Each structure stands twice: as C-alpha cells, then as structure tokens.
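Undergrad: The following comprises the amino acid sequence and a computationally predicted model.
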Amino acid sequence: MNKKIILFILLISAFFASCSDLEDIIDVSELPPLQTKKLLILSEGGMGLNNSTLALFDLRSNFKDLDYFQTTNNRGLGDTANDILKYGSKIYLVINGSSVIEIINVENGKSLKQIPLKTTDGKSKQPRSIAAYGGKVYITSFDDTVTRIDTTLLSVDGNITVGQDPEGICIKNNKIYVANSGGLNFMSGDYDKTVSVINLQSFKEEKKIEVGMNPNKIYADSEGDIYVNIRGNYTSEPAAFKKITPSTGVVSTIENVVATEFVLVNDKAYILLSEWGKPSVIKVYDCLSEKLTTETFISDGTVIDNGYKINVDAFSGDVYVNTSDFISAGSTFCFDKNGKLKFKLDKVGLNPCGIVFLN
C-alpha cells in the first residue's frame, strides 16, 4: 500500500478517536526517546542525612557525574528523594524529608524552582510519588493528601484528602488512582487497605476501593485496568498482586505472583521480587493476555542481590534494576529486552530509586 495512503488512514483514524483517547496518547505517556543517550538516576540517600543525589550517565561517552545536581546548582538536593518524573521540558523531583518538589530544566539540570509542600499549620506534608496529566502534576503525601501543581505557573493549585499515607499514583480515563498504604502505622499494624478514585476534572474523591493490606505501587494498562502490589504486614498478611477492573469495580488477585516492586510499561508489568538472603527475581506479566509470560526474565545467569527498584525504557525495552543494602552506594543493572546484561553502573548512590531516560 502507498505510504501516503497509509498516512492518510492513520490521520483519519486519529481524527475520529475520542478526545480522552487522544489525550492518553499525547499527554499521559509522552513519547519516549527514540534512543536513550543519557540517564538521570535519583538516589534517596539515608533518612535524615540530607544526602539525596541525582547522578548523570552519558551512555555514548561513558561520562558520569554522580552528584549532577550538586555540580549544576552548587547545593545539595535535600533529604530522602523518593520519586522523579520528566514532563515536558521539566523534571520534577519529589524530596520527602525536605518536603519540597524540586523542578529542574531537562536540558541543563538547572533548578527552576523549589515548591515547599506544607500543611495549613506549617508542617511537612512528606511527599512520596508523582504523576502528570493535562498540564498538571499530582503528588501523594504522607499527610493523607494529593497535591496538584500547575506546570505553567509552577505553583500549587489544589489539595485533596484521600486515605492514610498514600504511596503510588496513576491517571487513566479521567480518573486519578491513589494507593493508600497506611505505612506509617507499621508499629500498630493498622495499615490502610484502599485505593482512592478521584475525578480528574472536579478533583474530588469519588470512592475508595478495598484492595488489600498496605497497597504500594499502582499503574494502568492501555485498556484501563489498574494494577497494584499489596505488601501486607510482612508477617501474617501476605503480599499479593491485584487488578482492579474499573468498569465493574471487581478486584481480582493474580495467582502465583508476588511483587516487591513493579512497573507497567507497554502493557507489560515488570515485577521485581526481592527476599532477604535470596537473589532477586524479575518476572513479566502480560496485562492484555492476563498471563505471566516470563517466570525468569534474566536469561544469562546474572545474579542480582538486594534488588530495590525496577525501571523500564519504554522504547528499547531495556530493563533497569537498582540495588540497595541501605548502607553502601547501590548499583544499576541494565538488561536488554531478552534478559541479557548490557552493562552495570557501580556505586550510583545510596538507595537508588527512580530513573529518567533522556535522548
């Protein structure tokens, strides 16, 4: 078929797609880099030690700067960085202990603004996770709220109360989904068990869905199903991996799958299971076929101890695993889509967590 005809068909198809579908394609996902040339790796540091870092790695030249933010801005990043997000021309860094959102320029890493997140009585909100949609970014915080920031004005323009100690957040089909963990109640064992569903337009909570004790990360697939890992209470209540079907409200347990951490990219859930004293395991769950397609993703015999966080390059399919023993600087392993080790970056930072892929 003539290329011009194919292009015309694609344009007509896009024209007749619903507005919400177009927004999902253009705004929520943002096209990944055609070829990742640089990595920004965020490391939490130690709680209360004020030693969070942002490292830069150039994959072409092998140049590295383990304290890129410090180098670029002549100051430290802050205390306990928990999440990172590239949205448009800016990168948003969620600094939990310092209770700020640090916003930097994608091109040069220069700080554009710090937004303090405080309660009405001046206490720290303790931000945790971030998501973006429609020119806004949304941040969960341990004061039981979600905060909305306007990305043009770079200012807070809304807060909403959800469940206890919200962690993960995702946005799909004009709804915001928030995993309410109750994680700060670990001593009493009084964990939350719910996911809040928020109307994107009104920015009001519509309902809570009970999913299981101590929900953590949460993502949506292209069909609108929501996936969440349940951490339990680490003793009598086991961890689990669950799916919410928004159209019916049904919560189902995915059998024989446990996720310490996971990320959902291109309709595949990349699941990291780390157990004390055992090598970490990566599994792949296909969200469309609803099957565990890969029991052991690593195919070349590489052993990962202390797997901490998992990230995936959406374009190449490369899988990145950060490690942490909570004492020394962790490493980053990069595997190709077939599970073979491409490279390893040593000592990237203490408790490395999020990665941003740049071209």
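TA: Perfect, thanks for sending it. Residues are numbered from 1 along each chain as shown.

Undergrad: Now do residue 93 against residue 77, distance only.
TA: Distance from residue 93 to residue 77, counting by CB to CB, to the nearest Å: 7 Å. Any C-beta I mention is one placed from the backbone N, CA and C, and that applies to glycine too.

Undergrad: ditto for residue 160
TA: Distance of residue 160 to residue 77, given as CB to CB: 27 Å.

Undergrad: which of the two has more neighbours?
TA: More neighbours surround residue 77 than the other of residue 160 and residue 77, with 26 against 19 (other CB atoms under 10 Å).

Undergrad: Phi and psi next, for that one.
TA: The phi/psi pair for residue 77 (degrees, to the nearest 10) reads phi -80, psi -30.

Undergrad: residues contacting it?
TA: 52-54, 69-70, 93, 95, 102 (CB atoms under 8 Å, 6 or more residues apart in numbering).

Undergrad: Need the residues touching each of residue 93 and residue 77.
TA: Residues touching both residue 93 and residue 77 (CB under 8 Å, 6+ apart) are 54, 102.

Undergrad: List buried residues within the contacts of residue 77.
TA: Buried subset of the contacts of residue 77 (neighbour count, 16 or more other CB atoms under 10 Å): 52-54, 69, 93, 95, 102.

Undergrad: Redo these as TSV? Include pLDDT and distance to residue 87.
TA: Formatted as TSV, the buried ones among the contacts of residue 77 follow (pLDDT from 0 to 100; distance: CB to CB, whole Å):
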residue	pLDDT	distance to residue 87
52	98	20
53	98	21
54	98	16
69	98	18
93	98	12
95	98	17
102	98	14
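
Undergrad: Filter the residues you listed down to the ones in helices?
TA: residue 69 (DSSP state H).

Undergrad: closest to residue 291 among the buried ones among the contacts of residue 77?
TA: Taking CB to CB as the measure, residue 291 lies nearest residue 93 of these, at 36.1 Å.

Undergrad: Disregarding flanking residues, what is the spatial nearest neighbour of that closest one?
TA: The spatial neighbour of residue 93 that comes closest, neighbours along the chain excluded (CB to CB, 6 or more residues apart in numbering), is residue 102 at 4.2 Å.

Undergrad: Tell me who's in contact with that neighbour.
TA: 69, 77-78, 92-93, 95, 111, 114.

Undergrad: Residue 203 now?
TA: 148, 158, 160.

Undergrad: 10 Å instead?
TA: 136, 138, 146, 148, 157-160, 176 (CB atoms under 10 Å, 6 or more residues apart in numbering).

Undergrad: now swap in residue 321 and tell me
TA: Residues counted as contacts of residue 321 (CB under 10 Å, 6+ apart) are 261, 270, 272, 274, 280, 282, 297-298, 302, 304, 306-311, 330-335, 344, 352.
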